[in-house]
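A.B. asks: Okay, structure incoming, though there's no sequence with it:
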Ligand SMILES: [Zn+2]
C-alpha cells in the first residue's frame with residue numbers, strides 16, 4: 001500500500017480521507033517574531049490554539065491538510081511536530097522557497113557558473129528535505145512549493161522555478177505553485193514545467209480559484225494540472241459566491257477531476273499586527289479552516305454539484321496527486 005510522509009511519519013494514502021490541499025498552520029516571519037513579537041507571540045497559547053482548531057476541523061470530517069509553509073513563510077517543523085502530536089489531523093509539509101521577486105542572498109553567489117561554482121544548491125536542499133528529512137527532525141517534506149506572482153518572473157524566480165522542477169524530476173515529489181489570478185501566471189508555470197519535463201498531473205496551480213475566467217481555467221486543466229480552488233474565505237480576492245459559481249460551471253463541463261478545494265487559511269499570521277485577530281476577522285470573517293465544510297460544500301450540492309464530484313475534489317484528487325509515480 002502506497003504511503004505519503006506526514007509530520008507523524010508515513011500515512012497510507014487510503015487513510016488520508018477528505019483533504020484540504022492548501023492550509024497553513026502558521027504564517028510568520030521568524031525575524032519579525034523574534035525582534036518585535038513580545039507583545040503578540042505566546043508560544044504555548046498559539047500551539048494550544050492550533051491544536052484546538054485542527055481538532056475542531058477533524059470533527060467536521062476533514063482528516064488531512066497540506067501545509068505549504070516553506071522558507072519565506074516561517075516554516076519551523078519542531079513547533080508543527082508538537083501540534084501534530086496532539087491532533088488526529090494528518091499534517092503534510094512542504095519544501096521550497098516563497099519569494100515574489102528577489103532571490104535570497106543566500107543563493108546569489110552559490111550555484112552553477114557563480115562565484116561558488118557548485119550544483120544548484122536549491123535542488124540539494126529541497127531534495128534533502130524530501131529524502132532525508134527537514135533540519136534533523138526526521139520529518140520529510142512530501143511536496144514542493146514556490147511562487148509566480150508577477151506578470152513576468154524575475155531571473156531569481158525563474159531559477160527557483162527550474163530548481164523546483166528539477167527536484168520534482170529527481171524525487172517524484174508533486175508541486176504546488178502560488179500563482180496570481182489577475183496576472184494568470186499559471187500559464188508561466190505550465191510553460192516552464194513543460195520545458196523541464198515535469199509530470200503536469202503532479203502540479204497544483206495554487207490560487208487558480210481567484211480567477212473566474214473559464215477560458216484560462218480550462219486551458220490549464222486541459223494541460224493536465226490541478227486547479228487550486230483554494231482561497232475560500234478570502235473574499236477580497238474573489239467572493240465565495242463567485243468561487244462557487246466557477247466550480248459549478250467547471251464541474252458541469254466535466255472538470256471535477258481537475259479541481260482541489262482549500263482556504264489558504266491559518267491559525268495565526270503575523271501580517272496584520274498586534275490587533276490582527278479582530279482586524280482579520282472583520283475583513284474576512286469566513287477565512288478559517290471550516291468555511292468549506294460549513295458553507296461551501298452545502299452550497300455546491302444545492303447548485304447541482306454531486307456528492308460524487310465533491311468526493312473526487314476532496315479525497316480522490318489529493319490521493320492521485322500524492323501517489324508516487326502517478327498511478328492512482
Ligand atoms: Zn498559502
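C.D. replies: Perfect, thanks for sending it. Computed from a predicted structure; not experimentally measured.
A.B. asks: Do I have it right that residue 182 meets residue 210?
C.D. replies: Yes: look at residue 182 against residue 210 with Cβ atoms under 8 Å: they come within range, at 7.5 Å. Where C-beta positions appear, they are placed from N, C-alpha and C, glycine not excepted.
A.B. asks: more crowded one of these two?
C.D. replies: Taking other Cβ atoms under 10 Å, residue 182 and residue 210 do not tie; residue 210 has more neighbours (22 against 10).
A.B. asks: residue contacts, the more buried one?
C.D. replies: The contact partners of residue 210, taken as Cβ atoms under 8 Å, 6 or more residues apart in numbering, are 180-182, 231, 234, 237-238.
A.B. asks: Please list the outside residues in contact with stretch 100-114.
C.D. replies: Under the contact criterion Cβ under 8 Å, 6+ apart, stretch 100-114 has outside partners 71, 97, 115-122, 147, 149-150, 154-157, 159-160.
A.B. asks: again, only this time at 6 Å
C.D. replies: 115-116, 118, 120-121, 147, 149, 154, 156 (Cβ atoms under 6 Å, 6 or more residues apart in numbering).
A.B. asks: And those, which is closest to residue 4?
C.D. replies: The nearest member of the contacts of stretch 100-114 to residue 4, counting by Cβ to Cβ, is residue 147 at 23.2 Å.
A.B. asks: does the closest one count as helix, strand or coil?
C.D. replies: Taking DSSP: H, G, I helix; E, B strand; the rest coil as the rule, one finds residue 147 in the strand state.
A.B. asks: related to what we said a few turns ago, now the buried members of the contacts of residue 210.
C.D. replies: Those of the contacts of residue 210 that meet the buried threshold are 180-181, 231, 234, 237-238, by 16 or more other Cβ atoms under 10 Å.
A.B. asks: among the residues you listed, which two are most distant?
C.D. replies: 180 and 234 (13.3 Å).
A.B. asks: the strands in the protein, which residues?
C.D. replies: Shown for the chain, the strands assigned by DSSP state E span residues 3-6, 9-12, 19-20, 26-27, 64-67, 90-96, 143-148, 175-179, 203-206, 226-229, 259-261, 268-269.
A.B. asks: returning to what we had before: now, the contacts of stretch 100-114 that are in helices?
C.D. replies: 121, 156 (DSSP state H).
A.B. asks: Mind giving me the ChimeraX select for the contacts of stretch 100-114, buried ones only?
C.D. replies: What follows is the ChimeraX syntax for the buried subset of these, where burial is set by 16+ other Cβ under 10 Å:
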select :120,121,147,149,156
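A.B. asks: which of the contacts of stretch 100-114 lies closest to residue 64?
C.D. replies: Nearest to residue 64 among the contacts of stretch 100-114: residue 147, at 23.1 Å, using Cβ to Cβ.
A.B. asks: pLDDT wise, what is the residue nearest to residue 283 when sequence neighbours are not counted at?
C.D. replies: Closest residue to residue 283 in three dimensions, ignoring its sequence neighbours and counting by Cβ to Cβ, 6 or more residues apart in numbering: residue 236, at 7.1 Å. Residue 236 is assigned 94 on the pLDDT scale.
A.B. asks: Show the contacting residues for residue 24.
C.D. replies: Each residue near residue 24 by Cβ under 6 Å, 6+ apart is listed here: 67, 69, 266.
A.B. asks: For the second one, give me its contacts.
C.D. replies: I take that to be residue 69. Residue 69 neighbours (Cβ under 6 Å, 6+ apart): 24, 75.
A.B. asks: Show the low-confidence segments of the stretch 201-328 of the chain, by residue range.
C.D. replies: Applying pLDDT under 70 to the stretch 201-328 of the chain flags the ranges 274-276, 326-328.
A.B. asks: please redo it, this time with the cut-off set to 50
C.D. replies: The model of the stretch 201-328 of the chain has pLDDT under 50 over residues 326-328.
A.B. asks: Would you map the helices across it?
C.D. replies: Taking DSSP state H, counting those that start in this stretch, the helices of the stretch 201-328 of the chain run over residues 214-223, 240-252, 276-283, 291, 297-302, 307-311, 317-322.
A.B. asks: starting at the chain centroid, how far to the third one?
C.D. replies: Using Cα atoms, centre = their mean, to the nearest Å, we find the averaged C-alpha position of helix 276-283 to lie 22 Å away from the chain's own average C-alpha position.
A.B. asks: list the buried ones in that helix?
C.D. replies: residue 280.
A.B. asks: what packs against that helix?
C.D. replies: Here helix 276-283 touches no other helix or strand, going by 3 or more Cβ pairs under 6 Å, 6 or more residues apart in numbering; DSSP states H and E.
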